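1. coordinates only, sequence not included:
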């Protein structure tokens, strides 16, 4: 786990904290991975570099409210007749996953392997690294009408803002990473 992801985990678990307290917690969590403990100046440097993610207020560090995830809904409607939807509630720490197939599809329920869901906290950390709040509202071909093969939509709700983005046959640069993270969380295909 990266240090800034560890800081996120600590802040999520314990709320806003001053840098020395965060430093103590980081060292406690990452002691097996490092020979030397982190110094408060190193934690301050990491937080300062990630100003878009962290907020410093009255000496305490917290996650920016417009980046702190509450809810994620992702819908993918593929050209192969399969559609997917994942709903992730970060507050209640649960998710639902739906898969629809066109009538007449040859696969039956017995053809699907059992699902082994992943770790929701790990998924949340991956969402932070993908910066969904920086994705454009719309992705698509610039010329003419598109009768797309793959349509998708993501609604990402944070403490203070809702981001919606969608596309037809065009994707953000880290779309593949997003799909892999959903697959790891749900134990199901999302492509």
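-> Now that the structure is in, tell me what you want to look at. This structure is a prediction, so every number in the text was calculated from the model and none was measured.
2. Just give me the residue right at the centre of the chain.
-> residue 127 (2.0 Å; CA atoms, centre = their mean).
3. Can you list phi and psi of it for me?
-> Dihedral angles of residue 127 (phi, psi; degrees, to the nearest 10) stand at phi -60, psi -40.
4. From what I see, it and residue 69 are in contact.
-> Yes. Counting by CB atoms under 8 Å, residue 127 does reach residue 69; the two are 5.9 Å apart. No exception for glycine: its C-beta is placed from N, CA and C like everyone else's.
5. any idea of the pLDDT on the residue nearest to the centre of the chain?
-> Reported pLDDT at residue 127 in the predicted model: 92.
6. what do you get for residue 107?
-> On pLDDT, residue 107 comes in at 51.
7. Also residue 145?
-> We have a pLDDT of 59 for residue 145.
8. ok, now residue 5?
-> 87.
9. Around it, how many other residues sit close by?
-> For residue 5, the neighbour count with other CB atoms under 10 Å is 16.
10. same thing with the one 10 residues further on?
-> When counting by other CB under 10 Å, one arrives at 10 neighbours for residue 15.
11. element containing the nearest residue to it once chain neighbours are set aside?
-> Setting aside the residues directly before and after it, residue 15 is nearest to residue 62 in space (CB to CB, 6 or more residues apart in numbering), at 7.3 Å. Counting by DSSP states H and E, the element that carries residue 62 is strand 60-63.
12. And the helix or strand that that strand is followed by, what's buried?
-> Downstream of strand 60-63, the next assigned helix or strand under DSSP H and E is strand 69-77. For strand 69-77, the neighbour count (16 or more other CB atoms under 10 Å) marks 69, 70, 72, 73, 74, 75, 76, 77 as buried.
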